[in-house]
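> Mind folding the following:
(4 chains)
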Protein chains: 2
Amino acid sequence: MEDLLTIGEVARRAGLAASAIRFYESRGLIHAERTSSGQRRFRRDVLRRIACIRIAQRVGLSLEEIVSALAGLPADRAPSPEDWRRLTRGWGARIDQRIALLEALRGGLTSCIGCGCLSLRTCALSNPGDVAATLGTGPQYLLDE
Amino acid sequence: MEDLLTIGEVARRAGLAASAIRFYESRGLIHAERTSSGQRRFRRDVLRRIACIRIAQRVGLSLEEIVSALAGLPADRAPSPEDWRRLTRGWGARIDQRIALLEALRGGLTSCIGCGCLSLRTCALSNPGDVAATLGTGPQYLLDE
DNA sequence: GTAAAGGTTAAAGTAATGTTTAAGTCAAGG
DNA sequence: CCTTGACTTAAACATTACTTTAACCTTTAC
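Okay, the predicted model is just below:
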């Protein structure tokens, strides 16, 4: 057994389908060498890279964004801890941002639940004539990103 | 001007494209009456319904789930505050859940960032031989939902 | 009464993230 | 040798949430 992993091994160890691994390779997220007969062989550090990809997805990055992020890693050598660290720098802030958005949503929901109005700029209970129409942009305040 | 809105008015007031309004109608999320010539006319409370749909999306519900949720609203009369309130009950918990997931992710990230290991079951720095392989399920602990 | 703005439909297209299928190749065990 | 399991590819399909297109009809303003 070489130091290189087959796609099946990678799939099992990463908890993904082999098709996903191929897909990631096709999108440039991971790299594979080939045997003389054309089979993929992955270096061990691909596992960490995949773990990293899955986490990045949960952070909210698209695969395309992840490609760019991973571009900062060295292609030739296995990434060092510092490489990984640099990569994930900023992800915390991104998570915090998403949490903040959800908390704002939650707050709006809670404050509106008392009257059942759900997000109209001015509570509809106190705004039966739909005055918001004259305000321009409509019932959006809880919807803005 | 009737008490009913055209699709253009609804679109402008809801901040959506007319195509989205049509799409929502086709999926049973909203209802429209028709003029004798076949044009859609919407009751005013469709605006609140749409606001509600957009919020539900941000809560993380799929349109299909939203259809079921909205099924609890009366079809004949404009929903009462209590109707809306009943509808959104449970959404807060759902948001809290998502926040909790993100916070767990954030925590894992922070605790792992010190060594740059990123989610390997046992930090790879202290696990150079990839011992996790022998543990069965692979580098998943930060990835579980 | 005519032009512009706005409405109608069905069907196809888009984007993201993969999975499935079909048809075939390769390596190991009996 | 031959079967079995794992691998290969390109292309099609799946899902969600819409948008775009094409061809056509209605309403509104002048």
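> From now on I want contacts and neighbour counts done on CA atoms only, so please keep to that.
OK.
> Now do the longest helix anywhere in chain A: distance to the chain's middle.
As assigned by DSSP state H, the longest helix anywhere in chain A is helix A:91-113. Chain-centre distance of helix A:91-113: 17 Å, with C-alpha atoms, centre = their mean, to the nearest Å.
> pLDDT on it, on average?
Averaged over helix A:91-113, pLDDT sits at 85.
> With just CA atoms, put that helix into CSV.
Output of helix A:91-113 as CSV, limited to C-alpha atoms (Å, rounded to 0.1, in the frame of the first residue of the first chain):
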residue,chain,number,x,y,z
TRP,A,91,-14.2,32.7,8.8
GLY,A,92,-15.0,33.5,12.4
ALA,A,93,-16.1,36.9,11.5
ARG,A,94,-18.2,35.5,8.7
ILE,A,95,-19.9,33.2,11.1
ASP,A,96,-20.5,36.0,13.5
GLN,A,97,-22.1,38.0,10.7
ARG,A,98,-24.5,35.2,10.0
ILE,A,99,-25.3,34.7,13.6
ALA,A,100,-26.0,38.5,13.9
LEU,A,101,-28.3,38.3,10.9
LEU,A,102,-30.2,35.4,12.4
GLU,A,103,-30.4,37.2,15.8
ALA,A,104,-31.8,40.3,14.1
LEU,A,105,-34.4,38.1,12.4
ARG,A,106,-35.2,36.5,15.7
GLY,A,107,-35.6,39.8,17.4
GLY,A,108,-37.8,41.1,14.7
LEU,A,109,-39.9,38.0,14.9
THR,A,110,-40.2,38.2,18.6
SER,A,111,-41.1,41.8,18.7
CYS,A,112,-43.6,41.4,16.0
ILE,A,113,-45.2,38.2,17.3
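> what distance separates the start and the end of stretch A:10-19?
11 Å (C-alpha to C-alpha, to the nearest Å).
> hang on, the earlier thing: give me the buried stretch members for the longest helix of chain A, please.
Using 16 or more other C-alpha atoms under 10 Å in any protein chain shown as the test for burial, helix A:91-113 gives A:91-92, A:95-96, A:98-99, A:101-103, A:105-106, A:109-110, A:112-113.
> Which one of those is nearest to residue A:74?
Nearest to residue A:74 out of the buried residues of helix A:91-113 is residue A:91 (C-alpha to C-alpha; 19.5 Å).
> gap between that closest one and residue A:97?
Residue A:91 is 10 Å from residue A:97, by C-alpha to C-alpha.
> need the residues of chain A near DNA strand D, please.
Neighbours of DNA strand D within chain A, by C-alpha under 7 Å from any atom of the strand: A:6-9, A:22, A:38-41.
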